[in-house]
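Trainee: please work out how this folds:
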Amino acid sequence: MTNWRWWICSLLFVATTVNYLDRQVLSLTYEEFIKPEFNWTDANYGTITSFFSIFYAICCLFAGKFVDWMGTKKGYLIAIGVWSLGACLHAACGWATAHIAGLDSVSAMRAVEAGSNIALAVSTTSVYLFLLCRGILALGEAGNFPAAIKVTAEYFPKKDRAFATSIFNAGASVGALAAPLLIPPLAVKFGWEMAFIIIGGLGFIWMIFWAFMYEKPEKSKRVNEAELTYIHQDDAAEALEKAKEAASDEKTIPFIQCFRYKQTWSFIAGKFFTDGVWWFFLFWAPSYFSNQFHAPATSPLGQWLIFTLYFIVTIISIGGGYLPKIFVDKKGMNPYAGRMLAMLIFAFFPLAALFAQPLGIRFDSPWWPAILIGLAGAGHQAWSANLFSTIGDMFPKSTIATITGIGAMAGGIGSMIIQKVAGNLFTYAETQGSAFTFLGFEGKPAGYFIMFCFCGLAYLIAWSIMKSLVPKYKPIEL
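Mentor: This next block holds a predicted model:
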């Protein structure tokens, strides 16, 4: 039997890695390069990150339909082509801003005096240009996971799909780990513009391999009869299952009617309060280490802090899916009760973020925040994996995709609010200085501590709301 399916899986892994690399270039070049060049405030950056969050969520609602319509090969090529183009276009924002503002060159733009009218024009123009580029990036990136999951279903039998998915999904963690070690050195060596172009260009290289390597298993010359038989071993059972569903005329829940159920609002609360926490750490951690501990992403210390944070997330979150299994298999709990108990345990992990700022300042070391934020991030990943599973516990199969889309939108809205509030809060706290205080911290450090407090408590708030809405296992029956 050939093993071409694993080569295809490796392509999915690389695509997901590139996906996360492209997403992080901005956060790792913001503080040292982009912020001073365009006279941005944290409020400007918050506007851009909040827009990316909500637009990405909106695009996710339609990405799956697009991939189904275009087909896997073309759909994936278009998705990664669009997001790679969006990534590379960031590099042109400086040149475009200078010309729109009426300046002769990017060098002239960099020499603009802060606080002047021309500096305000540069700042405003560049924000809109970055919003456009982030929108293109979000549009393409939304297609990655629907396309990858579809390819997995095409190339793997049911028993192998979870394993194959875990392999390509590991690309997200690898991308997060590689980003601080790759992107800042590129920006220092070649300029922040080239960092966007080089990382964005990886997607175009991937497209070449995809175009030549991917065909559906039935059409691929590299898949022999034995592998094809292995891939399609579930076909008979799936055909029988579809026949049974057709015979039973399985009902679905209309979109508007979904909002009448407490189970829907339970999932909405879980996503709304917690998705933004993960995005906050992703977008703001490099800036935090630079401002608070003078460890910019371009320094070896800054790079290893971010690497350590995501290494902790990757290692600890692996066990997120096993805990509810223990409760169900060994304790005899029903799946929903076991999952909610596991989520309650994981909801305590982000409380570590409450101690990140005090311990970091107390011991004058950024390693405390890196480790504690890593624990909080690991708690989020484990929480998120179980949160998605609650949909299958309570909703009929015909409605799972709809509820997932509603939850993704709720998470996007929550993330948008958190990013916007964080940006405005940091700018305000910085301008107020010692006049702005919170629990012993002054100025911008006080702003960071406020955000860490929310991030630490968000999961317990979400769990309490979910539990009050659906106190015990109650599947929806049509």
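
Trainee: make it CA atoms for all contacts and neighbour counts henceforth
Mentor: Fine.

Trainee: distance of residue 454 from residue 269?
Mentor: Distance from residue 454 to residue 269, counting by C-alpha to C-alpha, to the nearest Å: 15 Å.

Trainee: looking at these two, which is more packed in?
Mentor: Using other C-alpha atoms under 10 Å as the criterion, residue 454 and residue 269 rank with residue 269 on top: 23 against 19.

Trainee: can you give me the pLDDT of the more buried one?
Mentor: The confidence metric pLDDT takes the value 96 at residue 269.

Trainee: which strand or helix spans it?
Mentor: helix 262-293 (DSSP states H and E).

Trainee: ok, then the element right after that helix?
Mentor: Next in line after helix 262-293, if elements are assigned by DSSP H and E, sits helix 300-317.

Trainee: output the contacting helices and strands for that following helix.
Mentor: Judged by 3 or more C-alpha pairs under 8 Å, 6 or more residues apart in numbering; DSSP states H and E, the packing partners of helix 300-317 are helix 158-190, helix 262-293, helix 367-394.

Trainee: which of these sits closest to residue 59?
Mentor: Proximity to residue 59 (C-alpha to C-alpha) singles out helix 262-293 among the helices and strands packed on helix 300-317, at 16.1 Å.

Trainee: report the buried residues of that closest one.
Mentor: Across helix 262-293, burial judged by 16 or more other C-alpha atoms under 10 Å covers 263-290, 292-293.

Trainee: format the helices and strands packed on helix 300-317 as CSV; extra columns: distance to residue 108.
Mentor: Converted to CSV, the helices and strands packed on helix 300-317 look like this (distance: least, C-alpha to C-alpha, whole Å):
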stretch, distance to residue 108
helix 158-190, 19
helix 262-293, 26
helix 367-394, 38
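
Trainee: determine the angle, from 0 to 180 degrees, between the helix holding residue 269 and helix 300-317.
Mentor: Angle, helix 262-293 to helix 300-317, by axes from the mean of the first three to the mean of the last three C-alpha atoms, to 10 degrees: 150 degrees.

Trainee: which helices and strands does helix 262-293 pack with?
Mentor: Where contact means 3+ C-alpha pairs under 8 Å, 6+ apart, helix 262-293 is packed against helix 4-29, helix 300-317, helix 367-394, helix 397-432, helix 443-469.

Trainee: repeat the analysis, applying 6 Å as the threshold.
Mentor: Judged by 3 or more C-alpha pairs under 6 Å, 6 or more residues apart in numbering; DSSP states H and E, helix 262-293 is in contact with helix 397-432, helix 443-469.

Trainee: that helix vs helix 4-29, what angle?
Mentor: Helix 262-293 runs at 50 degrees relative to helix 4-29, counting by the same axes, to 10 degrees.

Trainee: show me the shaky parts of the protein.
Mentor: 162, 236-251, 318-321, 397, 478 (pLDDT under 70).

Trainee: can you pull out the helices in the stretch 101-250 of the chain?
Mentor: Along the stretch 101-250 of the chain, counting by DSSP state H, counting those that start in this stretch, helices occupy 106-110, 117-141, 144-155, 158-190, 192-213, 225-231, 235-248.

Trainee: just put the ones you listed in TSV and tack on mean neighbour count and distance to residue 308.
Mentor: Listed next are the helices of the stretch 101-250 of the chain as TSV, based on neighbours: other C-alpha atoms under 10 Å; distance: least, C-alpha to C-alpha, whole Å:
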stretch	mean neighbour count	distance to residue 308
helix 106-110	16	34
helix 117-141	21	25
helix 144-155	21	26
helix 158-190	19	8
helix 192-213	19	21
helix 225-231	16	38
helix 235-248	11	44
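
Trainee: now residue 435: how far from residue 360?
Mentor: For residue 435, the distance to residue 360 - C-alpha to C-alpha - is 22 Å.

Trainee: I meant to write residue 95 there.
Mentor: According to C-alpha to C-alpha, residue 95 stands 39 Å off from residue 360.

Trainee: chain center to the helix holding residue 269: distance?
Mentor: Relative to its chain's centre, helix 262-293 lies at 10 Å (C-alpha atoms, centre = their mean, to the nearest Å).

Trainee: now the phi/psi pair for residue 297, please.
Mentor: phi -60, psi -20 (degrees, to the nearest 10).

Trainee: isn't it right up against residue 304?
Mentor: No. Counting by C-alpha atoms under 6 Å, residue 297 stays clear of residue 304, with 8.8 Å between them.

Trainee: more neighbours: which of these two?
Mentor: For the pair residue 297 and residue 304, the greater number of neighbours falls to residue 297 (28 against 19), based on other C-alpha under 10 Å.

Trainee: which one is residue 41 nearest to, not counting chain neighbours?
Mentor: Nearest residue to residue 41, sequence neighbours excluded (C-alpha to C-alpha, 6 or more residues apart in numbering): residue 427, at 6.3 Å.

Trainee: look at that neighbour and say how many residues are nearby.
Mentor: Using other C-alpha under 10 Å, residue 427 has 18 other residues around it.

Trainee: from residue 385, how far off is it?
Mentor: 34 Å.

Trainee: what's the answer for residue 172, then?
Mentor: Counting by C-alpha to C-alpha - residue 172 and residue 385 are separated by 14 Å.

Trainee: ok, now which ones touch residue 106?
Mentor: When contacts are counted by C-alpha atoms under 6 Å, 6 or more residues apart in numbering, residue 106 touches 95, 98.

Trainee: give me that answer again for 8 Å
Mentor: Applying C-alpha atoms under 8 Å, 6 or more residues apart in numbering to residue 106 gives the contacts 94-95, 98.

Trainee: just those: which are in helices?
Mentor: If you go by DSSP state H, the contacts of residue 106 have 94-95, 98 in helices.
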